[in-house]
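Undergrad: no letters, just coordinates:
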């Protein structure tokens, strides 16, 4: 294991220690490692346009917005090969939250998420994308086969 030292001004160190306590880290090293992994994962994800991924897209929208629900459903149907599942919940009399589980080429998944988020009336869109390696196809005794998705890390 390699060690290194960093210097932080007092205000940043205090704020970092509050983050450590709030998230339940045992020490600063665990927190720094987690932050570095997260940042490096995001960097890899942004560069990997050809790779395969699994993802969770969540967004809030006003279901009274003219034909918005129909437009969102049309986008999902047009990309049905990416969509694994959609969960819909009502937040109040006007707003709904949807979570869409996706799988496929990262470029296509990002384009799908961008298309949803760009719809007039969609708010708080967030994509959590995990790059995966497509493992060899696994066969069952009854002849069925499927690929395993191994998260990269």
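TA: Yep, that arrived. Keep in mind that this is a model prediction, so the values were computed, not measured.
Undergrad: grab the longest strand from this protein for me.
TA: strand 122-139 (DSSP state E).
Undergrad: show me how far the next helix or strand after it is from its chain's centre.
TA: Moving toward the C-terminus from strand 122-139, the next helix or strand (DSSP states H and E) is strand 145-151. Relative to the centre of its chain, strand 145-151 is centred 18 Å away, using Cα atoms, centre = their mean, to the nearest Å.
Undergrad: quick one: mean pLDDT for strand 145-151?
TA: What strand 145-151 shows for mean pLDDT is 78.
Undergrad: contacts only, for the residue positioned nearest the centre of the chain.
TA: Most central in the chain under Cα atoms, centre = their mean is residue 128, positioned 0.8 Å from the mean C-alpha point. Residues near residue 128 by Cβ atoms under 8 Å, 6 or more residues apart in numbering: 55, 56, 57, 58. (Each C-beta comes from the backbone N, C-alpha and C, glycine too.)
Undergrad: that one bridge partners, please.
TA: According to DSSP bridges, the partner residues bridging residue 128 are residue 56.
Undergrad: ok, now how distant is it from residue 92?
TA: 24 Å (Cβ to Cβ, to the nearest Å).
Undergrad: and the lengthiest helix in the chain, average pLDDT?
TA: Secondary structure of the chain read by DSSP state H shows that its longest helix is helix 28-47. The average pLDDT for helix 28-47 rounds to 78.
Undergrad: what's the domain layout of this structure?
TA: 10-47, 52-151 (automatic domain parsing).
Undergrad: most packed of the ones you listed?
TA: The highest mean neighbour count among these, using mean count of other Cβ atoms under 10 Å, belongs to domain 52-151: a mean of 15.
Undergrad: end to end, how far does that one reach?
TA: 10 Å (Cα to Cα, to the nearest Å).
Undergrad: now do it: distance to the chain's middle.
TA: With Cα atoms, centre = their mean, you get 10 Å for domain 52-151.
Undergrad: ditto for stretch 34-42
TA: On the basis of Cα atoms, centre = their mean, stretch 34-42 sits 14 Å off its chain's mean C-alpha point.
Undergrad: run through this protein and note the low-pLDDT ranges.
TA: Along the chain, segments meeting pLDDT under 70 span 44-49, 136, 153.
Undergrad: repeat that with 80
TA: Scanning the chain for pLDDT under 80 picks out the ranges 38-50, 134-139, 141, 143, 145-148, 150-153.
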